[in-house]
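J.: no sequence on this one, just coordinates:
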Ligand SMILES: Nc1ncnc2c1ncn2[C@@H]1O[C@H](COP(=O)(O)OP(=O)(O)OP(=O)(O)O)[C@@H](O)[C@H]1O
Ligand SMILES: Nc1ncnc2c1ncn2[C@@H]1O[C@H](COP(=O)(O)OP(=O)(O)OP(=O)(O)O)[C@@H](O)[C@H]1O
Ligand SMILES: [Mg+2]
Ligand SMILES: [Mg+2]
């Protein structure tokens, strides 16, 4: 286990260097001058020149990247071109919101997904199965930018049950919970659908397994056959799906954060791409990638816990 | 079921707590809170409340009035002697005085600062402190729109002590009616009433600037009472806003303008008939109608709210005449070559692009739209990699010279003159308008320059802006200026 | 003599058989049938676009803008430029299908190549999969945004972005099947007959890895359409006035409160089409399942 | 039936293994370094004569298949020499190997997995000719049809897919593919294990017929001693990657030298009632090949193991003419 | 006189499939006494497993017993409710399966899986069940049983796992043990151990055992009585001596002649021609006739009834019909002795 963690973290470092290079070079070749974004439309050429000099944008690409990398490896992720704020600080402010949103969404997704998937598998080929499969597929097919808008229209504006946006209240307050509901549903629907599908197919698979027959031959009660023998095995592939989806959710926050006015990393990311704020883009992308890898690592660890056959090392 | 009631839960909770919070929603967060280091409207919306300038443009009349200044005089064309108000204190308790003015302006001008709006003081030669409350500023050449420059938000005076002690970008210290409380970047800025303000403390005690990137979300929040005030209402949402009962919509002619420009560096665009054909193919009336009252129709390059405007220019441009356009296109074969219509993917540019593309197509042109995100657009436009494009100018100084010089003077071609307009005669007029201190004369120069551009069909003015805001019916007293700036100082709850 | 008797017709028949049995199984699944019908309908719409609309999709009529549903001459109403929504939906199907298809095809080419090499050659496995991980740990939208930031906004670039973004999942799926097929004795048999690696990969592994690839491609088609819409929604896709469903939603959203159909109609269309591809993909997965092959 | 004496006269060595080893590395640790080896084939030396069937028996995981694959070059030998008709073949490149490929073929265990399910069997068989001959399409087709008849299938099977065949028929197709190029040597890796007994008998008969007709040599891997006794001339017994005994069927079945062979023979359920049921039962399980015991690999389960068996690995030596074994106490009966 | 434990009369089991319903077991009758081992032998797909699954009531969801009766200790059990049948399973009738690798739940400890039936059927607590479990493991010859209780199936070898399966099946001292090819996946040396174990336990517990196999060697080794099945039908049944020494049905004979004899180098194989029919194949008359060299028109027309040979030795073949019986018998004998 320790070996696995160490190995993954080592890989992570290389992964992050790869990603940072990719991001840095693509931002570098992308049209758009960071200085112009800082200077605004009125800036004269000499204004821009001094901004460029100030930000070190006149150095050759490799020098710039090398400088970035050296600093980053020492834990210094630089300062925003735009706000001159420390990138670490800027991200630290936003990350709780993104994480909160992602966790709430995955909880929604797991809850709905497992339930729908299990019902489907246990009532295979019944109308319940058909309708929950349809639901699952519809969930994957809904554009989430659209769903968010519709949810706001219905629940926030028309019915006024829930706030339109924001995520400033602490999550454990009623207000905070209310704020989370719509964005979590918007973001979680796709994953719920994916989890439901995986649960269904994996349970159907496991239902046919020999050891389930063994359990029945022992006279185990049906409830336990399903709850212990089938579910525990069926959950193994579901865990991977949950892991991958959780990673995906981090990306999905980009749109959700925009629609629901949530101050998170996803929005920081698109805003800083639009503003050509390289250090900020770098910082937020690296962060999301790190989270992604960490989530996958956690998935693997959970994996070893529910599946004794797997041991890394 | 009136507005007051629909403002549900959040409002009641606050009322119970007893602190009056006034919430404003902005789509973009402030870049920073120092007037020296920023140059964007979300930032200046905060800066305007926290800091003050030497002069201020009256929200109602548009006249320039002293703010931190007491009075000024011009001993000669190059010298400005400004007397300052006495007894004004910064929020940190230090005194506002001539040193502060010199400190602020020197810092703004210093190349090492790399201030984005350093150009405001570009004509300034020296700044001298004559006594505690008098400064003397000498310019390199007569500078006609100097007062306009000094009334710009970026010329706000900062507390030198605070600037040396802390980062004003994060913790601003000014002399304004509101004091800074906190800033959560990307989320909200909180201000509170400055109880010691020399004209009396504002009525609202707490102001929150919330970042709500989607306008429609912001409007929904306005509807539910989560937000009390938004500005820059988008045309698409006007109908919806008008149907909402709990808000008042305020509109006012503005200084901004939107126009189609040719890339004058391109061979094709040097043909006056081509420009004429394009201009006559564009039905600006139909377009302005589409703006639902959020645009003012005028051909004049210098808009009604801008210094240098003359009514006679309203209809001085090439009128819409589809048949004439078709004829010209037909005659000169303009339809053969594809035309690249570059546009940024924000605000009304897309609307203009779609409508203009459709109208030009109707006239027989072959126009392809190319949208770009803002950063790429600025780069591309500056590099001149387009045939036609839309540009806008918000003109915070409301001075015609500050419009014509950066945007169309050949000095700036390739930087802020993205149209690459190059007309020596025009250049001379603009220079004259800038270096004359006599305002009457300046008016004359500007009008001539304006006429020249219209004659040339240098640009096609799509519309002049309308400044808008939507305010919760429970409040009144918002001051809105033609430049789009506003003051919360006199807002009161009904 | 015998040869003549055994010539082509019989061969053709057999070749069809796989396809036919798969289709037969697919048609037993009611949801899949519904999905297939929707897809056929959309393809039909795309092909017959000029004949089934009365208005050009880009013709503006500023004075008749925002007409509601079932207006005269515009049964789905008009948008804020007075363009006919129905004709934009119909023409939009062309955009979605073409972009989706291109993206899927290029994604498959990249994914299959990488997955095949990684699965087949042990030495290449680790480097290729690390690279794939790298792509994978980018959130999809972000990757697309970066690519589009570099290449510029256009549907072609959207297709490129989506195909790059689908490479990692495709590569993983292909690698997985290659790894399991590689173990099969018929591969060993081909090796023992001295067949070259290329031949083994192309003639023996690829056709057998096709089932999951087909399923993936079908579903990916749905998600590519969804992603195209998402990117257009963010303003990174179709150039106006191209009728594109995502862009239609994004434009329509501004009128959500006054003319909700401008958002809801394209939203439902996207959902239906993506749903259709997913259902068919799901159905194909079952129909191609070798476990059902026994009987 | 060819008797032993006939064979000895014409003993011509076709294939010679000289200390052949095949190790599979085990990776582990943080950096996935090689931390050990599975010694799947440990130091095997033997000779295979022309026209004979050499049986290879042993328990699951003892390296039988690996041995076969290593001979064919499907796995690279870790060490040792493999000579086919006196030429060393273990290090040849694919191109150079093609001519030996024609001579050496393999029939696989799983009739369901050994044919490409997406390829018609006619195409599958033609592919052999495409790879190795310049035959025209017509000639190939003719050759394939002949082959089908040869292995007891019908010409109309040409256009069928594998799933349309029964297990026995598929195995016949596998055989057809193996004999297509007229090889002199065929490895049968559990070629009949997966078949039902009635069909198994048919296939065994077919293999015998072909052997007589084409003077084939077989390396016949099996865990069914009955089949080996019926089919083979000589038998090699393996245990945990090592060879423990080699001899003619008569010698090995009548006078087994190695205790493992004896135990194996006594464990076989005989399909006859009241057979002599005196038998030895081995205790315990087969050790993990990744971590084999020291000394004689069998000592952990051997009823007559002594201290020396734990220390030293016994020599592979010829105890009687053509009867090899590796045991410190070879010939001791354990019953 | 031993007691009859299980009695199956005219069992028919059908499956609903995409191509209509198919009969996997066609009118099969047999019985098992206490302390007796019945071997069901036959080639792949002949319905051995389905017969046994019908008995224990665990048919796949698309299968059902459509006619016939199953009695356990004289009581009909084929029509019991699911819950009643569940209570029988594990306590009265137990079953072990072919694949030791897949028959144990990979994510539960051996201990858990072993305690489960004990706690369920005997109503004892966990500690008590644990103690009994360890005893059981000891009984089936597993070293270090305490440690094994905490291990997971993948940590055990195939032989060990099959022993664990046996321990689980025998946990509640069932009257009847059904073993479906319990040794097919194992090596010979291990197979011998397991067969011995089943035999020993049978004697200790005086169980009835139904052992399913396709290996004639295994049959000869452990069976008291043998039932031979072909394509869903029982073709012959008798004591192990009768079947091996005086087989009557051409299929039984063919089967015996298809297995090479380890002890007899001179033995020549005599395969049965043709291949096994599939379930859906329509065969009129005797299901074996297409492969039978003695097939007559009668065989092609009508399915043969069951003929009694001697005692419990029954054969379903027209050859047994009086007039032909004698002459054919000689011919058949000749083949067998070979
Ligand atoms: N590619 C491989 N990588 C690692 N280990 C392997 C590989 N192939 C085989 N082994 C190991 O080598 C040993 C011998 O395997 P092999 O397949 O040759 O045995 P076998 O005698 O054919 O067994 P069986 O009777 O089960 O077919 C086994 O322990 C196996 O796990
Ligand atoms: N769920 C099912 N649906 C349809 N047919 C089935 C099903 N399960 C089994 N069968 C068929 O029933 C027949 C009898 O199967 P069964 O498993 O009893 O054979 P068997 O004698 O146990 O064979 P083996 O030796 O291979 O285990 C087979 O032809 C099989 O194809
Ligand atoms: Mg093997
Ligand atoms: Mg079975």
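T.: All right, it came through fine. Predicted, not measured: the structure shown is a model, and the values here were computed from it. Residues are numbered from 1 along each chain as shown, chains lettered A, B, ... in the order given. Ligands and ions are numbered 1, 2, ... in the order given.
J.: what residues are up against the residue in the stretch 101-250 of chain A positioned nearest to ligand 1?
T.: As assessed by C-beta to the nearest ligand atom, ligand 1 sits closest to residue A:210 within the stretch 101-250 of chain A, at 19.5 Å. The way it works is simple: take the backbone N, C-alpha and C, and place the C-beta from them, glycine included. Residues in contact with residue A:210 (C-beta atoms under 8 Å, 6 or more residues apart in numbering or on different chains) are E:97, E:99, E:102-103.
J.: Quick one: the helices in the chain, in order.
T.: Chain wasn't specified; assuming chain A. Taking DSSP state H as the criterion, chain A carries its helices at A:2-29, A:34-39, A:45-55, A:61-73, A:87-122, A:127-141, A:144-151, A:174-207, A:210-217, A:222-224, A:231-259, A:265-274, A:278-306.
J.: Can you look at chain D instead?
T.: Using DSSP H, the helices of chain D run over D:4-9, D:64-72, D:94-103, D:121-132, D:137-150, D:167-179, D:197-214, D:225-231, D:249-254, D:259-267, D:307-311.
J.: Can I get those in TSV including distance to residue D:58, mean neighbour count and mean pLDDT?
T.: Shown next, in TSV, are the helices of chain D (distance: least, C-beta to C-beta, whole Å; neighbours: other C-beta atoms under 10 Å in any protein chain shown; pLDDT from 0 to 100):
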stretch	distance to residue D:58	mean neighbour count	mean pLDDT
helix D:4-9	23	11	49
helix D:64-72	6	24	91
helix D:94-103	26	15	82
helix D:121-132	31	21	90
helix D:137-150	32	17	91
helix D:167-179	22	24	89
helix D:197-214	20	20	90
helix D:225-231	10	24	90
helix D:249-254	13	19	90
helix D:259-267	8	24	90
helix D:307-311	19	14	90
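J.: Show me where chain A dips below the pLDDT cut-off.
T.: Residues of chain A that meet the criterion pLDDT under 70 lie in A:41-42, A:311-313.
J.: Show the contacting residues for the residue nearest the centre of it.
T.: For chain A, the residue sitting closest to the mean C-alpha position, by C-alpha atoms, centre = their mean, is residue A:250 at 1.8 Å. Shown in contact with residue A:250 (C-beta under 8 Å, 6+ apart): A:98, A:102, A:265-266, A:288, A:291-292, A:295, C:139.
J.: Please apply the same query to residue B:476.
T.: B:248, B:491-492, B:494.
J.: Closest residue of the stretch 1-150 of chain E to chain B?
T.: At 44.4 Å from chain B, residue E:107 is the closest residue in the stretch 1-150 of chain E, using C-beta to the nearest C-beta.
J.: Let's verify that residue: helix, strand, or coil?
T.: coil (DSSP: H, G, I helix; E, B strand; the rest coil).
J.: where does the closest residue to chain B within the stretch 51-200 of chain C land on pLDDT?
T.: Relative to chain B, the nearest point of the stretch 51-200 of chain C is residue C:60 (4.4 Å; C-beta to the nearest C-beta). Looking at residue C:60, its pLDDT is 82.
J.: Least confident of the contacts of residue A:210?
T.: residue E:99 (80).
J.: got the contact list for that residue?
T.: A:210, E:185.
J.: between the helices of chain A, which gets nearest to residue C:27?
T.: For residue C:27, the closest of these is helix A:127-141, at 16.2 Å, according to C-beta to C-beta.
J.: Give me the secondary structure label for the residue nearest to residue C:102 when sequence neighbours are not counted.
T.: Using C-beta to C-beta, 6 or more residues apart in numbering or on different chains and skipping the chain neighbours, the partner closest in space to residue C:102 is residue C:159 (4.4 Å). For residue C:159, the assignment made with three-state DSSP gives helix.
J.: just checking, the residue of the stretch 51-200 of chain C closest to chain B touches residue C:79?
T.: No: applying C-beta atoms under 8 Å as the test, residue C:60 and residue C:79 come out as separate, 9.2 Å apart.
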